[in-house]
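**Student:** take this sequence and fold it.
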Amino acid sequence: MISDKVQNAINEQINKEMFSSYLYLSMAAYFERTGLPGAAKWMYVQSGEETGHAMKLFAHLVDRNGKVSLSAIAAPQTGWDGPMAAFKAVYEHEQFITKSIHALYELAVAEKDYALQVLLQWYINEQVEEEKNAVAVIDSMNRIEAHETAVLQLDHQLGKRGAK
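**Tutor:** The predicted model follows:
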């Protein structure tokens, strides 16, 4: 049986994952407005992944006869001071999500919720990849900072990203 404490924490994480999806969708709109369709596509893919992350937790609660309690999703920011600022915001947000997943794992250990611990191993590994992906884009942008044509080349590369 799932404890109320764990159930509530999972519902909070579902909300955070859905906010992540909204945030990246907002970033996709920002990149569309600023003429960077490749970066927009990268964000569309990221948004879809985040919805998938929320649904894995949703399914976990359903499978364990827990109560799913969906709450309002906060409105995300809608503009950034350039592509670098947007990708730095991605990295900072992913660090926040990593801390949240770690806290949920610690709760699962404290509550001896072994099924949740197993599920969260996937999330822990996923967060390593999420942070790595954001840092890779930031590193590329640092290398090409003042060269507008290089930004367009990076945008082309970002547009090749496919869903997992």
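**Student:** quick one, helices of this structure?
**Tutor:** Along the chain, the segments classed as helices by DSSP state H run 4-33, 37-63, 83-110, 114-144, 148-158.
**Student:** extract the CA atoms of the last one and return them as CSV.
**Tutor:** In CSV, the C-alpha atoms belonging to helix 148-158 read as follows (Å, rounded to 0.1, in the frame of the first residue of the first chain):
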residue,chain,number,x,y,z
GLU,A,148,25.4,34.9,-35.8
THR,A,149,25.9,32.4,-38.7
ALA,A,150,27.2,29.9,-36.2
VAL,A,151,24.0,30.3,-34.1
LEU,A,152,22.0,29.5,-37.3
GLN,A,153,24.2,26.4,-37.8
LEU,A,154,23.6,25.3,-34.2
ASP,A,155,19.9,25.9,-34.7
HIS,A,156,20.0,23.6,-37.7
GLN,A,157,21.7,20.9,-35.6
LEU,A,158,19.1,21.3,-32.8
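**Student:** next, the angle from that helix to helix 37-63.
**Tutor:** 30 degrees (axes from the mean of the first three to the mean of the last three C-alpha atoms, to 10 degrees).
**Student:** so where's this protein shaky on pLDDT?
**Tutor:** 145-150, 163-164 (pLDDT under 70).
**Student:** let's see that with 80 instead.
**Tutor:** For the chain, the stretches flagged by pLDDT under 80 are 143-158, 161-164.
**Student:** backbone dihedrals for the closest residue to Lys5 other than its chain neighbours, please?
**Tutor:** Excluding its sequence neighbours, the residue lying closest to Lys5 (C-beta to C-beta, 6 or more residues apart in numbering) is Glu111, at 6.3 Å. Using the backbone N, CA and C atoms, a C-beta is placed for each residue, glycine as well. Phi and psi for Glu111, reported as degrees, to the nearest 10, are phi -90, psi 0.
**Student:** any idea how far apart the tips of stretch 25-42 sit?
**Tutor:** Terminal residues of stretch 25-42 lie 10 Å apart, using C-alpha to C-alpha, to the nearest Å.
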